[in-house]
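**Q** build me a structure from this.
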Amino acid sequence: LYTNPVIQQIINEVLFKNKSDDAIKWVKYYNPFPQVAFTLALTAIECAINEWALGSHEMISFKEDDYSRVFNSHLASLDEFSKAAGKLDLLKKLLEQVYSTGW
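**A** Sure, this is the predicted structure:
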């Protein structure tokens, strides 16, 4: 769950591509990788999938008004995942791995 390579690819492309990217410049804020940033990546991926929902590409604007509900749903799902994992702390381990793989 939450380990599809496309998630890491999106995060790497946006936050770890260049030395001037935020996750590289602001290590103390991105290590471990923030849950809210991970949630934003999931939301962006859902938007990209929606662009192909009818079988051909239709550009969709990635706007807060349109995707805040989706974002909040992903955030709640991650919280549930974290609680279900309990002492295994799987979400924390996943976010640590996202950061270390981003380098």
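**Q** cross-check the contact I'm expecting between residue 40 and residue 71.
**A** Yes: applying C-beta atoms under 8 Å, one finds residue 40 in contact with residue 71, separated by 6.8 Å. For glycine as for every other residue, the C-beta is placed from the backbone atoms N, C-alpha and C.
**Q** can you list the residue ranges for strands in this structure?
**A** Here the chain has no strands by DSSP state E.
**Q** please enumerate the helices of it.
**A** 5-15, 22-25, 27-30, 35-50, 64-85, 90-102 (DSSP state H).
**Q** just checking, what packs against the fourth one?
**A** Spelled out, that is helix 35-50. helix 5-15, helix 64-85, helix 90-102 (3 or more C-beta pairs under 8 Å, 6 or more residues apart in numbering; DSSP states H and E).
**Q** buried residues in it, which are they?
**A** 35, 37-47 (16 or more other C-beta atoms under 10 Å).
**Q** how about a markdown table for these, with distance to residue 28 added?
**A** Formatted as a markdown table, these follow (distance: C-beta to C-beta, whole Å):
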| residue | distance to residue 28 |
| --- | --- |
| 35 | 16 |
| 37 | 14 |
| 38 | 17 |
| 39 | 20 |
| 40 | 19 |
| 41 | 20 |
| 42 | 23 |
| 43 | 24 |
| 44 | 24 |
| 45 | 26 |
| 46 | 29 |
| 47 | 29 |
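**Q** great, nothing more from me.
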